[in-house]
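# Need coordinates for the below:
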Amino acid sequence: MRGGNYEFRRIRRRFRKAFVTGSGTVDAVDRVVIRTETQGRVGFGEVAPWPGFPTESADEAAEALRSAQGDLARLTAKVSSRHMPALAAALSSCRHWREIASFTGALECAGLVAGGEGVHERAARGHRTLKMKIGPSDGTNLAREALDRFPGVLRLDANGSLDLAAARLWTEYARSEMRVEFLEQPLPVGHAGYASLGCEKVALDESFTTPDGPAWAGPAVVKPSLAGDWDAFLTWRGTRTAPVVYSSCFETAIGRQAGLWLASLDPAPLAVGFDTLGRFELDGRDRHEGGPFARGLSGLDWERFWKELA
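Predicted structure coming up:
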């Protein structure tokens, strides 16, 4: 993105109820939202880091934005020379904003549940896929009980919290149960045990982040807000035959709209992991509707939304 200028705002969002992952408990997230202008063309993007992922922090992104002093060309060069995938993704969103803002499609959305909580509710809402968070203290009976109450497909997400023995147990269960789509990130990032688990029905999430990460022949969970430059990502996607699943980082409406647009370009779409609405205190920064389909927004005044973020 050459020439132009930008401004940014940093915001904090607090969860109504602390969100528990394999990396710990998260009660709030920091976000940096960017507005660019190049030859009269306006774009928006969002830096949305998430604990446990090897990207820059909101502090580091904000410092890079401050140091480039509103000069978009200088900022783009800075990001290109450093490992800043979240900021690179945000600038990609700004660059493609005209297409993003016009996206009004609907993508099947997996319902997010913690353990056995919320299974019946998500089934009643019409979700055909569930993403269930699991931890070291959970046994495979948890998944069996969920499938007894839910007629669809189940994804299991450990957020890197399991040891190798537990990971092997869950992997064997996933391979034996046709309605389990995959086991997501069973071991910590960089764990040597992935070689022994194999890639069949084992998906990488925290270990993947961007296409220049470790090679993996199994499913990859992509968070558009962390995936780096989107043009490079789309080139990589065009060469990949293994499944790709798109997932949210609990963004504001700007990051969510952009992430859904990127997911809509996939040649072999699977249910997206964007069941993240309604989790924050009422701060006006969510504008999409939830449900079994994640839909793009129609007719939102994005300039007004930007001003309201302040």
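
# Please report phi then psi for Ala18.
The phi/psi pair for Ala18 (degrees, to the nearest 10) reads phi -50, psi 140.

# quick one, helices of the stretch 1-150 of the chain?
Assigned by DSSP state H, counting those that start in this stretch, the helices in the stretch 1-150 of the chain fall at 58-67, 72-80, 85-95, 97-101, 119-125, 141-149.

# tell me the most buried of those helices?
Of all these, helix 85-95 carries the top mean neighbour count, a mean of 26, counting by mean count of other CB atoms under 10 Å. Quick note: C-beta positions are derived from backbone N, CA and C, even for glycine.

# for it, what is the average pLDDT?
Mean per-residue pLDDT for helix 85-95: 98.

# swap in stretch 235-246?
96.

# Make sure Pro267 is indeed in a strand.
No: counting by DSSP: H, G, I helix; E, B strand; the rest coil, Pro267 falls outside a strand, being coil.

# Include distance to Leu270 when you put the helices of the stretch 1-150 of the chain into JSON lines, please.
Output for these, formatted as JSON lines (distance: least, CB to CB, whole Å):
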{"stretch": "helix 58-67", "distance to Leu270": "29"}
{"stretch": "helix 72-80", "distance to Leu270": "30"}
{"stretch": "helix 85-95", "distance to Leu270": "20"}
{"stretch": "helix 97-101", "distance to Leu270": "21"}
{"stretch": "helix 119-125", "distance to Leu270": "17"}
{"stretch": "helix 141-149", "distance to Leu270": "18"}
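
# Figure out which of these is closest to Leu260.
Nearest to Leu260 among those is helix 97-101 (8.6 Å), distances taken as CB to CB.

# Could you list the alpha-carbon positions for that closest one in CSV?
Coordinates of the C-alpha atoms in helix 97-101 are reproduced here as CSV (Å, rounded to 0.1, in the frame of the first residue of the first chain):
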residue,chain,number,x,y,z
TRP,A,97,-11.9,-2.5,2.4
ARG,A,98,-14.1,-1.6,-0.6
GLU,A,99,-14.8,-5.3,-1.3
ILE,A,100,-15.0,-6.1,2.5
ALA,A,101,-17.6,-3.4,3.2
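
# mind checking how far that helix is from the chain centre?
Here helix 97-101 is found 19 Å from its chain centre; the criterion is CA atoms, centre = their mean, to the nearest Å.

# For it, which helices and strands make contact with it?
Secondary-structure packing of helix 97-101 (3 or more CB pairs under 8 Å, 6 or more residues apart in numbering; DSSP states H and E): strand 41-47, helix 253-264.
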